[in-house]
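Colleague: Everything below, folded, please.
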Amino acid sequence: MFGTFVRVYKMSKFLIVTADDFGLHHAVNDAVEQASRAGVLTTASLMVAAPAAADAIRRARKLPQLRVGLHLVLTDGHAMLPPVLIPALADAAGRMNNFMFTDAMRFALLPSVRRQLQAEIRAQFAQFARTGLALDHVNVHKHFHLHPIVLEMLLRIGKEFGVRAVRVPNEPLWFAASDGAWLSGVGAALLTPWVRFMKRRLRSARVLYNDHIFGVAASGAMDEVRMLQIVRRLPSGVTEIYLHPAAQSGSIIAASMSQYRHADELAALLSPRVRSAIASAGVSCGGFADLVRMRRQTRQIELSS
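Modeller: The predicted structure is shown next:
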């Protein structure tokens, strides 16, 4: 069944447009609501421990057309558990550092750190479950689930919470290296073995994932021009475009985002030109939940034939 469904949807085009960092700031939540009501946004990824998470959840409940997933935060963000329970992950204020290479090594080498990591992942899943929102997907802040240990924990713990889809950061080289950004292109190429491993693990777990993604190399700069460029060359299969929209830009949203053009990304989501281009592209739009529904329909057809 799963294999048949994969073959069917790869022959067509399905587009998921996601806003990450939902709950990080009220300006982000404003943007998500605007883009969901009037733009091309189909999904949002919720940071359950972020400062404006409660506001994001309240808004999401009023947006039944918006699919919401969990944006697991394991670096450069707020932890769910009290700092005393995860001293290796968060400081006294509950803030996790941004030293991903060091943390990756600690996850691999230190069992005590892995236990704390596992507890924090479980706590964020549990917090999302308490919102009562349907879990559309799971992705991880800064794609930290490329780390095999993080991916294993995500899938094992996520199974208890009904995970059905996970983002794969598989950005086409033509886009990653566009505008002369050759270093980004090289980075995308170096990730290829990890992406292949991730896809194998997801297929083994029977979890859906996107075939292509846009937004990695141009994070914080996904403006109207880039959105139109992507839509013109939209490949077959499941494509996810993710952005970081907000009503305000830069460090007011987060210190690590001083160069992000959040407002330009919101403008791209609200752009009539982008909306028209998608409508003319012969593409179906929605969230991962819609793919799950399509998979069920495929199974029913198989069983009745």
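Colleague: Any idea how many residues pack against the residue nearest to L270 when sequence neighbours are not counted?
Modeller: Once flanking residues are discounted, L270 sits nearest to G39: 4.6 Å by CB to CB, 6 or more residues apart in numbering. C-beta here means a position set from N, CA and C on the backbone, and glycine is covered the same way. The tally of other residues near G39 (other CB atoms under 10 Å) stands at 22.
Colleague: Ok, D20 next?
Modeller: Neighbours around D20, by other CB under 10 Å: 23.
Colleague: Quickly run through the sheet partners of the helix or strand where it lies, with directions.
Modeller: Using DSSP states H and E, the secondary-structure element containing D20 is strand 13-22. Here strand 13-22 is paired, per DSSP bridges, with strand 43-46 (parallel), strand 237-243 (parallel), strand 284-285 (parallel).
Colleague: sorry, back to before: need the contact list for the residue nearest to L270.
Modeller: G39 makes contact with 269-271, 274-275 under the criterion CB atoms under 8 Å, 6 or more residues apart in numbering.
Colleague: Now tabulate these in JSON lines and tack on secondary structure, distance to R201 and pLDDT.
Modeller: Formatted as JSON lines, the contacts of G39 follow (DSSP: H, G, I helix; E, B strand; the rest coil; distance: CB to CB, whole Å; pLDDT from 0 to 100):
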{"residue": "L269", "secondary structure": "helix", "distance to R201": "31", "pLDDT": "98"}
{"residue": "L270", "secondary structure": "helix", "distance to R201": "37", "pLDDT": "97"}
{"residue": "S271", "secondary structure": "coil", "distance to R201": "36", "pLDDT": "97"}
{"residue": "V274", "secondary structure": "helix", "distance to R201": "33", "pLDDT": "97"}
{"residue": "R275", "secondary structure": "helix", "distance to R201": "36", "pLDDT": "96"}
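Colleague: could I have the lengthiest helix in the chain exported to CSV, CA atoms only?
Modeller: Counting by DSSP state H, the longest helix found in the chain is helix 111-131. Output of helix 111-131 as CSV, limited to C-alpha atoms (Å, rounded to 0.1, in the frame of the first residue of the first chain):
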residue,chain,number,x,y,z
PRO,A,111,24.7,8.6,27.7
SER,A,112,23.6,11.2,30.4
VAL,A,113,23.2,13.9,27.7
ARG,A,114,21.2,11.4,25.6
ARG,A,115,18.8,10.8,28.5
GLN,A,116,18.2,14.5,28.9
LEU,A,117,17.7,14.9,25.2
GLN,A,118,15.2,12.1,25.1
ALA,A,119,13.3,13.6,28.0
GLU,A,120,13.2,17.0,26.3
ILE,A,121,11.9,15.6,23.1
ARG,A,122,9.2,13.7,24.9
ALA,A,123,8.2,16.8,26.8
GLN,A,124,7.8,18.8,23.6
PHE,A,125,5.7,16.1,22.0
ALA,A,126,3.5,15.9,25.2
GLN,A,127,3.1,19.7,25.2
PHE,A,128,1.9,19.6,21.6
ALA,A,129,-0.6,16.9,22.5
ARG,A,130,-2.0,19.0,25.3
THR,A,131,-2.9,21.7,22.8
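Colleague: helix or strand right after that helix?
Modeller: Immediately after helix 111-131, counting by DSSP H and E, sits strand 135-140.
Colleague: orientation of that following strand relative to strand 13-22 in degrees?
Modeller: Strand 135-140 runs at 70 degrees relative to strand 13-22, counting by axes from the mean of the first three to the mean of the last three CA atoms, to 10 degrees.
Colleague: What are the contacting residues of strand 135-140?
Modeller: Here strand 135-140 has contacts from 20, 43, 45, 67-74, 128-129, 145, 150, 154, 158, 161-167, 287-289, using CB under 8 Å, 6+ apart.
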